[in-house]
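> What follows is a predicted structure for the sequence shown.
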Amino acid sequence: MPQCVVSSIHNPKTSSYKPPSAPPVLLLLVIAAMLPAAASAAVVATTPLVAFLQRLQSAALATLGSDGFDPKLYVDLPLKRNLSEVEAAFAALPNVTGVVPAPELERFVDEYFGAAGSDLVQAAPADFVAEPEGFLPKVKHPKVRAWALEVHALWKNLSRREADDVKERPELHTLLSLPGSVIVPGSRFREVYYWDSYWSIRGLLASKMYETAKEIARNLLSLIEKYGFVLNGARAYYTNRSQPPLLSSMILEIYKKTHDLKLVKQSLPLLLKEHKFWNSEIHKVTIQVARGKKHSLSRYNAMWNNPRPESATTDEESASKLSTAAQKKNLYHQLASTAESGWDFSSRWMSNSSDLTTLETTSIIPVDLNAFIYKMESDIAFFAKLTGDSVTSESFLAASKARRVAITSIFWNSQKDQWLDYWLIKKSNSEEFYQWEAHHQNHNIFASNFVPLWIGAYSSDAYKDGPKVEKVLKSLQNSGLLQPAGIATSLTNTGQQWDFPNGWAPLQHMIVEGLANSGSEEARSLAEDIAVRWIRTNYAAYKKTGAMHEKYDVEACGKIGGGGEYKPQTGFGWSNGVVLAFLEEFGWPHDKEIDCDS
Ligand SMILES: OC[C@H]1O[C@H](O[C@H]2O[C@H](CO)[C@@H](O)[C@H](O)[C@H]2O)[C@H](O)[C@@H](O)[C@@H]1O
């Protein structure tokens, strides 16, 4: 099957948007046979319950059709009786040419399952008060203040405690039991998510809900205790992958507000375990640069090569375009690995942006992932120092320095003044490491190219032509990413949700915070300008729809986002968190209008 595929990462045919200065089209010669053995990673076995619910999901699609169908609903259903009993009743359902008639299916679901989401019960957090003391002191405008209090009140809607049955009869639930109460993103996302939690925590800290924030962090720590890493989310079908690793950042932000040394002490050994996971065989990649120096970096790589249970029917449909079992397996592995990135899905991971089956996520070293791991390393060094463990502190300081050098060597591009993802292409399969080549950097523009601002990666003086904040600032201004309502995710409109014209709260936040803390006046003023656009669009959409949204369309103020494999969701943990964090940082004077056209 060695096959030479010439593919374009930026596909002009599918791009409905032309930025002012379009990026040069980067033609990548992807030699399929030379890509790393993607499907070779370990596979975490699924549970019999997940496997059964997946069969129910397929049957439901056949009965109900794809209109308005959400596959995740079925793998979230809690059982009312033992699995064997439910399986027997399922097998006995009548079927007409292989399809269960709708009334029978409905009766079966009513009789044997609780409602999706009923395994978590809505419960106001104990530390919630309607107007916390010292809440957003810099927000003076009455309309904005009133709205911020409404957003703050949404924590009550998103807070859940486990139904008793989850602890008593865990075998009936795909929901994984956690020690504390939780904050969910909202709507179909009925359970805890890893990287979402960072921005929920940032908002909770602005809401002075320190105990709730700590409980979220402790829940995630308990996952490391049990699984060795933080799962994508707290469901049995998420045990085969993680998500962008931001737990140390959560602990750090909580520590900055509370000085809770006990939490730091509890976290440290578990963060060390998480660090191992991200530097384990499946995630670690070694690259040699011209002068022979080798750098270790990390990539996303899920332990799975089947359809994602929460989207199995969708994944099977995508794979139906491929002819061999090996190709399908590889696609499933790439789909799950892309979900690990949090950017599911995006042209960022595809060799042909109009074709989801060309996902190559495991063959890409992502800029943002390595920025997060750099931060994990320096946070661990700080925590170890706090607890008096100087040996660990020194070794993690050294690890963070090495990764910072690697980030500059591998990702920095001094023509574009951005950090670019690196595509792994081996010259031969017998090589143990990759040789760095300039043209393997992906020249397409993504918001992630600016995420190293968040970790202050610009101050490195080790390199002539190295990253400098002023240059990155200009590059961002000329990138085409800055839009009327915030930062676009990419410049390519593929219909995938992590692409143009969607803007996502976490990306706004990391870039704005990075600019604001850079020490440059000009960068801080751009940061505030972006934050104001983002706050206005969230406000306008909230006034129009009565809800906070998972993502927004940044082309115009007040527009909500779309695209992707599920309907746009509301709630929404990270959007609420980022609005509150921005209002805390920049405030809102009484004479500044909040409406879109002001
Ligand atoms: O059900 C499809 C996918 O949904 C999740 O991804 C999206 O929502 C998450 C929760 O807000 C968010 O963390 C992620 O960045 C979004 O793309 C889930 O994480 C995926 O694993 C899942 O397949």
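That came in fine, so what should we check first?
> Can you tell me the element the residue of the stretch 201-350 of the chain found nearest the ligand falls in?
Of all residues in the stretch 201-350 of the chain, A339 sits closest to the ligand, at 3.5 Å by C-beta to the nearest ligand atom. C-betas here are computed from N, CA, C, even on glycine. Assigned by DSSP states H and E, A339 belongs to helix 325-340.
> Who are the packing partners of the helix or strand just after that helix?
Remark: after helix 325-340, the chain's next helix or strand is strand 364-365, criterion DSSP H and E. Applying 3 or more C-beta pairs under 8 Å, 6 or more residues apart in numbering; DSSP states H and E, we find strand 364-365 packed against strand 422-423.
> Listing partners with orientation, what would you give for the following helix or strand past the strand it packs on?
Sequence-wise, the next helix or strand downstream of strand 422-423 (DSSP H and E) is strand 434-435. Strand pairing for strand 434-435, determined by DSSP bridges: strand 284-288 (parallel).
> who's in contact with whatever residue of the stretch 1-150 of the chain ends up closest to the ligand?
Nearest to the ligand, among the residues of the stretch 1-150 of the chain, is K72, at 5.1 Å (C-beta to the nearest ligand atom). Shown in contact with K72 (C-beta atoms under 8 Å, 6 or more residues apart in numbering): 188, 310-311, 566.
> Same list (the residues you listed) but as TSV, adding secondary structure and neighbour count.
Formatted as TSV, the contacts of K72 follow (DSSP: H, G, I helix; E, B strand; the rest coil; neighbours: other C-beta atoms under 10 Å):
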residue	secondary structure	neighbour count
R188	coil	20
E310	helix	28
S311	helix	23
Y566	coil	17
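> which residue is nearest the centroid of this structure?
Nearest to the geometric centre of the chain sits G342, at 2.6 Å (C-alpha atoms, centre = their mean).
> Stretch 484-494 near the ligand anywhere?
No - shown here: stretch 484-494 not in contact with the ligand (C-beta under 6 Å from any ligand atom), separated by at least 10.9 Å.
> near the ligand, which residues of the protein show up?
Counting by C-beta under 6 Å from any ligand atom, the residues of the chain close to the ligand are 72, 185, 189, 193, 195-196, 232-233, 308, 310-311, 339, 342, 344, 566.
> about what we covered before: residues contacting the residue of the stretch 201-350 of the chain closest to the ligand?
Here A339 is in contact with 232, 241, 243, 302, 308 (C-beta under 8 Å, 6+ apart).
> Tell me which two of the residues you listed sit farthest apart.
Farthest apart among the contacts of A339 by C-beta to C-beta are Q243 and R308. That separation is 13.2 Å.
> More neighbours: the two, which one.
Shown here are Q243 and R308; by other C-beta atoms under 10 Å, R308 has more neighbours (26 against 23).
> Can you name the residues that contact the more buried one?
Contacts of R308 by C-beta under 8 Å, 6+ apart are 237, 315, 332, 335-336, 339.
> Over to V469?
453, 458-459, 518-520, 523.
> run the last query once more with 6 Å
Listed by C-beta atoms under 6 Å, 6 or more residues apart in numbering, the contact set of V469 reads 458, 518, 520, 523.
> picking up where we left off before, which residue comes closest to the residue nearest to the centre of the chain once chain neighbours are left out?
Residue nearest to G342 in three dimensions, not counting chain neighbours: P244, with 4.8 Å by C-beta to C-beta, 6 or more residues apart in numbering.
> Phi first, then psi, for that neighbour.
Taking degrees, to the nearest 10, you get phi -50, psi 120 for the backbone angles of P244.
> need the contact list for it.
195, 342, 372.
> swap in Y374?
400, 403-404, 455.
> let's see 8 Å
Neighbours of Y374 in contact, by C-beta under 8 Å, 6+ apart: 400, 403-404, 407, 455, 457.
> Now do it, the pLDDT please.
In this model, Y374 is scored at 98, pLDDT.
> Also V5?
Note for V5: predicted pLDDT of 24.
> Repeat that for S323.
Listed pLDDT for S323 reads 97.
> Reduced to three states, what does it come out as?
coil (DSSP: H, G, I helix; E, B strand; the rest coil).
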